[in-house]
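In: Take a look and give me a structure for this.
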Amino acid sequence: MENYDYFLGAMRFNVVMITIDVLLIIQFFVSWYISYKKTGWAIDVWNLTLLMTYFFPFLVLYPFASSIFNVISVGTHVKAIRGSINQAYFISLVGYMSYFLGSRIFKLFKFKTPIYWGLILPLKNTVGKAYQRVLLNKDITKIIFLIYCAALAMMLAAAYKAGSFNNPRAFFYKDDSIRAYYNLTVSLSGIVSGIIIARIFQFNLLSDKVYLGLFMFVNLFIGSRSFALSPLASMFTLAIFLVWKGRIKIKQMAIYGGVILALVVVLSNFRAGSTPVKSHAKELKGGPLTEILYGNTFSDLRDFAWCLSAWNGDYYYGKTYLSAFMSFVPSTLSPFRTEYGIGRITAKLGGFNPKEHPGLRPGMFGESYLNLGLFGVILVGILLGYGTRYMDYKSKIAASSNNKLEFFVAGVGVMVINNLSITSGFFTVYTFAIIICLLYVVRLFFKSFKSIRINATTIKQGI
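Out: Numbering: from 1, shown residues only. Take a look at the predicted model:
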């Protein structure tokens, strides 16, 4: 099927594909409206997830994904991307249809499924319960914040000495021997923000809010847009779910969305520095809109097509997933991990040096397709849809009760499922489990020590 340029090359699409795309956009709004009328929730976990992973990066950006204007981000690779964009769209569409199937399975069977018994319940009943105990400790915020500040300071000091203070990620990714330290710091960032935010919604203490403000400031220097912005985005979205019960004014949403997009663009330019991408964007006079439509912030569909254009068609048959499950082993000690990490594979497909580039983002279903074809796409789609609908269900229960921690504990249960779309973050699962278990042990130690002191004081007074 042929694609054609429109509006002086600003858009490029196939007539059949764009027709399907428009129909799916209409279906999205109809489905949202029906859900709103039934539940009274204007925004819930399910629909917001669809908005951020399906509606905008997939449906809205499809006609822009292979535009010649993408040259500002991918250079001459845009020619190859054009030849694979329809294939990437079709594969992603199959994945999203499976995603809806997974949602339907949860609605029909709830917790009576192998997905819940095998993937969610074991994590929830082990790491999840330890997480809940840790959150109940009033001193945990101070402890974990100080640990993170120390780790971040050491990371930034090393990057500064190398002249990469504004892009520490690039510095650490150049050397396999120190890459793990950056990944550990980034993972710790997510854990710290999760703990502080969970405590704020459960206990609403001023001290936790102060620590969150300090954390958000220091986190701007981590060199990752998603982790730098996640605390702000999480606070707002969780307030919608757990406090406002999905009720929010359009004006509030527009202001918040504008602030987030502005920060995304600013951090992107800060990290890019004075690069050809930045100068070309200025020449196109698109500003922030150019970054959104043709930059690297919402480039999942385009990057998936990029990977497909260079892929030789040989499936990896689960090797990238096995590499992710082995992420507790440093890549320098494992030739298998060095060869089959998804970040390294997509970096090579994009023509980059995997020691200097973290890899392309092939969307929610790129990795599953490279491993197991459409079968893998369907399987991962079902699991992701089930997990998202499970969290949607839990959020509505938590919103109507005083136990907000139940929602956060439920989130621990779906950590493995959520990392199946792109397994490059699987290291975070192990980091989270280890740190939470250590904090739980520390909590037990201090609790026992406090009990011993109280008993000793009681005995002394009795004597």
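
In: Contacts for the helix or strand where Thr19 lies next, please.
Out: Assigned by DSSP states H and E, Thr19 falls within helix 15-39. Identification of contacts with helix 15-39 by C-beta atoms under 8 Å, 6 or more residues apart in numbering yields 1, 4, 13, 41-42, 44, 46-47, 50, 54-55, 59-60, 62-63, 86, 89, 93, 246, 396. No exception for glycine: its C-beta is placed from N, CA and C like everyone else's.

In: Just the ones of these in strands?
Out: Tyr4, Phe13 (DSSP state E).

In: Quick one: buried ones out of the contacts of helix 15-39?
Out: 13, 41-42, 44, 46-47, 50, 54-55, 59-60, 62-63, 86, 89, 93, 246, 396 (16 or more other C-beta atoms under 10 Å).

In: Sort out which of those are in helices and list them.
Out: Judged by DSSP state H, helices contain the following of the buried ones among the contacts of helix 15-39: Trp46, Asn47, Leu50, Asn86, Tyr89, Leu93, Lys396.

In: Report the two of the residues you listed separated the most.
Out: The widest separation within these, taken as C-beta to C-beta, falls between Asn86 and Lys396 and amounts to 38.1 Å.

In: Out of the helices and strands in the protein, which is least certain?
Out: Per-element confidence for the chain was summarised using mean pLDDT, DSSP states H and E. The lowest value among helices and strands belongs to helix 276-284, with a mean of 43.

In: helix or strand right after that one?
Out: Remark: after helix 276-284, the chain's next helix or strand is helix 288-294, criterion DSSP H and E.

In: For that next one, name the packing helices and strands.
Out: helix 71-74, helix 250-272, helix 276-284 (3 or more C-beta pairs under 8 Å, 6 or more residues apart in numbering; DSSP states H and E).

In: And those helices, which one averages the lowest pLDDT?
Out: Ranked by mean pLDDT, those end with helix 276-284 at the bottom, a mean of 43.

In: all strands for this protein, in order.
Out: Taking DSSP E as the criterion, the chain carries its strands at 4-6, 11-13.

In: hmm, who's touching the first one?
Out: It stands for strand 4-6. Residues lying outside strand 4-6 but in contact with it, judged by C-beta under 8 Å, 6+ apart, are Met11, Arg12, Phe13, Asn14, Val15, Pro63, Ser67, Ile68.

In: rerun at 6 Å
Out: With contact meaning C-beta atoms under 6 Å, 6 or more residues apart in numbering, strand 4-6 is reached by Arg12.

In: ok, that strand: who's next to it in the sheet?
Out: The partner list of strand 4-6 in its sheet, established with DSSP bridges, is strand 11-13 (antiparallel).

In: Pull the residues that contact the partner strand.
Out: For strand 11-13, contacts defined as C-beta under 6 Å, 6+ apart pick out Asn3, Asp5, Pro63, Ser66, Ser67.

In: Look up the closest residue to Asn3, ignoring the ones flanking it.
Out: Nearest residue to Asn3, sequence neighbours excluded (C-beta to C-beta, 6 or more residues apart in numbering): Asn14, at 4.8 Å.

In: pretty sure the one you found contacts Tyr62?
Out: No: between Asn14 and Tyr62 no contact is recorded; they are 9.6 Å apart, counting by C-beta atoms under 6 Å.

In: any shared contact partners between the two?
Out: Any residue near both Asn14 and Tyr62 by C-beta under 6 Å, 6+ apart counts here, and not one turns up.

In: Pass me the low-pLDDT residue ranges in this protein, would you?
Out: Judged by pLDDT under 70, the chain has its weakly predicted residues at 165-166, 170, 173, 175-177, 223-228, 250, 253, 256-287, 449-463.

In: Out of the strands of the chain, flag the one nearest Val192.
Out: For those, proximity to Val192 was assessed by C-beta to C-beta; strand 11-13 is nearest, at 41.5 Å.

In: How far off centre is that closest one?
Out: For strand 11-13, the separation from the chain centroid amounts to 28 Å (computed by C-alpha atoms, centre = their mean, to the nearest Å).

In: same thing with stretch 139-151?
Out: 23 Å.

In: which of the ones in helices among the buried ones among the contacts of helix 15-39 lies closest to Val377?
Out: Compare each of these with Val377 using C-beta to C-beta and the shortest gap goes to Leu93, at 9.7 Å.

In: which residue sits closest to that closest one, ignoring its sequence neighbours?
Out: Nearest-residue entry for Leu93: Ile20, 7.6 Å, with adjacent residues in sequence omitted and distances by C-beta to C-beta, 6+ apart.

In: and what of Val412?
Out: In space, and not counting its chain neighbours, Val412 is closest to Gly128: 4.0 Å by C-beta to C-beta, 6+ apart.

In: what residues are up against the one you found?
Out: Gly128 makes contacts with Val409, Val412, Gly413, as judged by C-beta under 6 Å, 6+ apart.

In: mind listing which of the residues you listed are in helices?
Out: Taking DSSP H, the ones among the contacts of Gly128 that sit in helices are Val409, Val412, Gly413.

In: Turn those residues into a markdown table, columns for neighbour count.
Out: A markdown table is the format used below for these (neighbours: other C-beta atoms under 10 Å):
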| residue | neighbour count |
| --- | --- |
| Val409 | 22 |
| Val412 | 24 |
| Gly413 | 23 |
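
In: if we take those residues, which one ends up nearest to Ser193?
Out: So of the ones in helices among the contacts of Gly128, ranked by how close each gets to Ser193 (C-beta to C-beta), first place is Val412, at 14.7 Å.

In: I'd say that closest one and Asn125 touch.
Out: No: if you go by C-beta under 6 Å, Val412 and Asn125 don't touch, sitting 9.8 Å apart.

In: Common neighbours of those two, please.
Out: With contacts taken as C-beta under 6 Å, 6+ apart, Val412 and Asn125 have no neighbour in common.

In: how deep is the closest residue to Ser98 other than its chain neighbours tucked in, by neighbour count?
Out: Nearest non-adjacent residue to Ser98, counting by C-beta to C-beta, 6+ apart: Gly381, 2.7 Å away. The number of residues packed near Gly381 is 25, by other C-beta atoms under 10 Å.

In: Kindly report the same for Phe171.
Out: Taking other C-beta under 10 Å as the criterion, the count of residues near Phe171 is 22.

In: Same question for Leu136.
Out: Leu136 has 12 neighbouring residues, counting by other C-beta under 10 Å.

In: and what of Pro335?
Out: Using other C-beta under 10 Å: Pro335 sits among 9 other residues.
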